[in-house]
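Enquirer: Sequence and predicted model, in that order:
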Amino acid sequence: MEMPIPDSDVLSRKARVVERLRGVLPADAVIDDPMETRAYECDALTAYRCPPMVAVLPSTTAQVSDVLRICHAEGVPVVPRGSGTSLAGGALPTADCVILGVARMNDVLETDYDNRFVRVQTGRTNLSVTGAVESDGFFYAPDPSSQLACAIAGNIAMNSGGAHCLKYGVTTNNLMGVTLVQMDGTIVEIGGAHLDSGGLDLLGVVCGSEGQLGVVTEATLRILHKPEGARPVLMGFDSAEIAGACVGDIIKAGVLPVAIEFMDKLLIEVCEDFAKADYPMCEALLIVEVEGAETEINDQLALITEIARRHDPVALRESASPEESARIWAGRKAAFSAIGRVSDYMCLDGTIPVSELPYVLRRIGEMSQKYGLPVGNVFHAGDGNMHPLICYDANKPGDLEICEEFGAEVLKLCVEVGGCLTGEHGVGIEKRDLMTYQYAPSDLEAQMAIKDVFDPKWLLNPAKVFPLAVSQPRRSAPLAAE
Amino acid sequence: MTLLTTEADVAEAVSGATGPLVVRGGGTRAVGRPVAGDVLEVSGLSGITLYEPGALTIVAQAGTPLADIEAALAAENQRLAFEPYDLTGLLGTAGASTIGGVVATNASGPRRIQAGAARDFALGVRFVDGAGNVVKNGGRVMKNVTGYDLVKLMSGSWGTLGVLTEVSLKVLPAVEATTTLVIEGLSRERAVTAMSAALGSPFEISGAAWIDGAVWLRLEGFASSVAYRATSLQDALRGFGDVMRTDDADWTRVRDAVPLHDLPRVWRVSVKPSDGPAVIAALPERCQSMMDWGGGLIWVGQGDGDGAATHRTLQEAVARLGGHATLMKGPDDLRAAVPVFQPEVPGVATLSAALRARFDPRGILNPGLMVA
């Protein structure tokens, strides 16, 4: 993976930059010892590593503003970091950058049940947002698999989704306002506890901008009352085609399950082995979850199982207890860890129109043969967000490159059938160079124009999202002397 | 101007323009500061290009009448869940609302409180920017984080950043049953408290309004589920008085602000729900109001009186509380004299102005409509 050559001028000024940062932050919040900066050398895309020049851990919005103002004046690139769980390399440093971690900013600032929102500092983890309100019966809906660890800051940067977004939407649909610190230190309040924007929807463009437009330090998030109950049903089918047809029929029948998850045979096996979820062994497994009171759940599941029966399921099992429900989800939620136990893997997350599911799965199977690498599929079937997990051996020279070539071919296929490169993980460095398959030059130009407005010097996370060749003229523009 | 029927026509018309353009779909939304210029009519770009009910997705050219979209969806027992409002009754405009206009103005109705706004259901756009460049963003799949989200930026930009040529939308199943619980005789404050209690329950309220002196709470879904939730909610709200139930409530009355149709000046205000009563209390006498979104959306109408003063009062109150007040209906001289859209806070105003300068460098797309 190509990254820009570190700016030797910036590196030569490391001592001065560190000294200026120490002037605005507590002593333990500036990390410049190469032994310690290594802790920030990568995120969850562990194939790529590069220790940053400096890492800082501010505790307040004002400190974030001070840090950015200094880096702006010094021409130092800044890579924002939440919890470092990005699968796309969104928080991968460059050797000449300052990593700005928001991990110390994790307070709940305001909880308002009457108006159904919570305002938090963005270093707070996704799950602990729900943790702060669940004793009162509320929850924060977006639930990425990494929710125990991932920070709201990263969720906003990547517009994270999750298993339950078929009903509740993704981050952008649950985000009401942010405090954004621009690269020059300007603090901007966008949105708030009211709905929608009275002017241009800047909140909509900040969410999902991968830390390239500003550092979000506080967020107003919509919270909802928890449903009275939820229950999944497991269905096994002889083929992905049949499972796909069943999903389409469920949706067309007017039921909106809170989640429809798909797993193929390889994933069923590794998850079963890992989580003992009592999954049936078959070609395609669906987990369909519905919510509501007991009577509502029964009615919905009756309709869903009736539809499933028309597709000759090889297994069909409603959860009979909360323990069984938890076990069913434990298998699915552990999918990435389970496969990680048996192999190195690369996780893709292209999205396709659900009608293309059988075709795309067949093509992925053919590619697996061609490249000689096994692939497992687990994904959010209701919305077409795939997660092919390509297995490779990190210790075998050349295997990663083959895996990446395989992955790129899958993602190009996603675009070809009317889908996109990434449904919830973000572009980062991982899919950066594929952007030209989805977008024409004028499309990318329009996106880069946004960055020009928010960060004219292109110092915030500059080597991400856009192909390096495309962003080169902007990144290498001479910096105004200060 | 000749009839534009393709995206290329629009691109040519924009790049060849020598002065301001008034971007027009169905011509139903005479909102904003009046703009003088040549009309750029996009209603010739019409037709549904793709509809996959099993994928909950529809793609249509921007000039497609909203009614055509709704009819196609109804035939498959689906709908636009954000419940776009229709301004023809309020503004006395003729013509047919277009899907491009709905997206460009982020027009959402009562169900916004539960399901989300037009911007939340917009999956992809194609548009022509102010320099005549054709740009696409997003796509036709429900989850897409590939690059920046210009779809949301376009939604609610009222044609000032680009001219929409095609939009793709997420749709949802229509429902089997709808019922409305009605509580009469509550004060505004008490009405908001009742609506907050309902919206903070697990019963999935899809509309919470205060209209004609009554609180309306809508429940939708499968008939058995609606019946269960209606009974449960009636129990939960007993403390607010008699909770009646009707299956005949006309929610278009809320959606389109029907009680205010005859008034010459009408505002649409978004605040945090518990601030709704304070906004209404700040209004001069003889203003009429109704609330939607649990108190968070206030429609205000004024007959006699000083429109400019009321406008100022509203926007100042909202600036203090957080939110926005937009003059949706008013005589041209009033719309020319006041900031029709809520003035943005300084940092946001700077960024918005810079974005407009980038997307419309010549300042020819609906210039001044949102910000003078």
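Expert: Great, that's in hand. Predicted model only: the values in this text are computed from it and were never measured.
Enquirer: contacts, neighbours, all on C-alpha from now
Expert: OK.
Enquirer: contacting residues for residue 130?
Expert: No chain specified, so I'll use chain A. The contact partners of residue A:130, by Cα atoms under 8 Å, 6 or more residues apart in numbering or on different chains, come to A:138, A:139, A:140.
Enquirer: Actually, chain B is the one I wanted.
Expert: So residue B:130 contacts B:14, B:15, B:161, B:162, B:163, B:359, B:360, B:361, B:362, B:363, B:364, B:365 (Cα under 8 Å, 6+ apart).
Enquirer: now residue A:261
Expert: A:163, A:286, A:287, A:288, A:378, A:379, A:380, A:381, A:382.
Enquirer: List just the nearest of these to chain B.
Expert: residue A:382 (7.9 Å; Cα to the nearest Cα).
Enquirer: so the closest one makes contact with residue A:166?
Expert: Yes. Here residue A:382 reaches residue A:166: they are 6.5 Å apart, a contact under Cα atoms under 8 Å.
Enquirer: Quick check: neighbours shared by these two?
Expert: Joint contacts of residue A:382 and residue A:166 (Cα under 8 Å, 6+ apart) are A:259, A:260.
Enquirer: what about the two, which has more around it?
Expert: Counted by other Cα atoms under 10 Å in any protein chain shown, residue A:382 and residue A:166 do not tie: residue A:382 has more neighbours, with 30 against 20.
Enquirer: So that one belongs to a strand, correct?
Expert: No. Secondary structure of residue A:382 (DSSP: H, G, I helix; E, B strand; the rest coil): coil, not part of a strand.
Enquirer: before we move on, back to that, and which of the contacts of residue B:130 is nearest to chain A?
Expert: residue B:359 (7.7 Å).
Enquirer: Next up, the contacts around the spatially closest residue to the closest one that is not a sequence neighbour.
Expert: Nearest non-adjacent residue to residue B:359, counting by Cα to Cα, 6 or more residues apart in numbering or on different chains: residue B:161, 5.3 Å away. Residue B:161 makes contact with B:129, B:130, B:154, B:355, B:356, B:359, B:360, B:365 under the criterion Cα under 8 Å, 6+ apart.
Enquirer: try residue A:389
Expert: A:345, A:346, A:347, A:348, A:375, A:376, A:377, A:378.
Enquirer: circling back to that earlier point, quick check on the contacts of residue A:261: which are buried?
Expert: Among those, the ones that count as buried by 16 or more other Cα atoms under 10 Å in any protein chain shown are A:163, A:286, A:287, A:288, A:378, A:379, A:380, A:381, A:382.
Enquirer: Farthest pair within these?
Expert: A:288 and A:378 (13.5 Å; Cα to Cα).
Enquirer: ok, back up a step: switch the contacts of residue B:130 over to a markdown table; also include pLDDT and distance to residue B:254.
Expert: A markdown table is the format used below for the contacts of residue B:130 (pLDDT from 0 to 100; distance: Cα to Cα, whole Å):
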| residue | pLDDT | distance to residue B:254 |
| --- | --- | --- |
| B:14 | 98 | 37 |
| B:15 | 97 | 41 |
| B:161 | 98 | 30 |
| B:162 | 98 | 31 |
| B:163 | 98 | 30 |
| B:359 | 98 | 35 |
| B:360 | 98 | 36 |
| B:361 | 97 | 39 |
| B:362 | 97 | 39 |
| B:363 | 97 | 36 |
| B:364 | 98 | 35 |
| B:365 | 98 | 32 |
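Enquirer: In the stretch 301-450 of chain A, what residue comes closest to chain B?
Expert: Proximity of the stretch 301-450 of chain A to chain B (Cα to the nearest Cα) peaks at residue A:423, 4.1 Å away.
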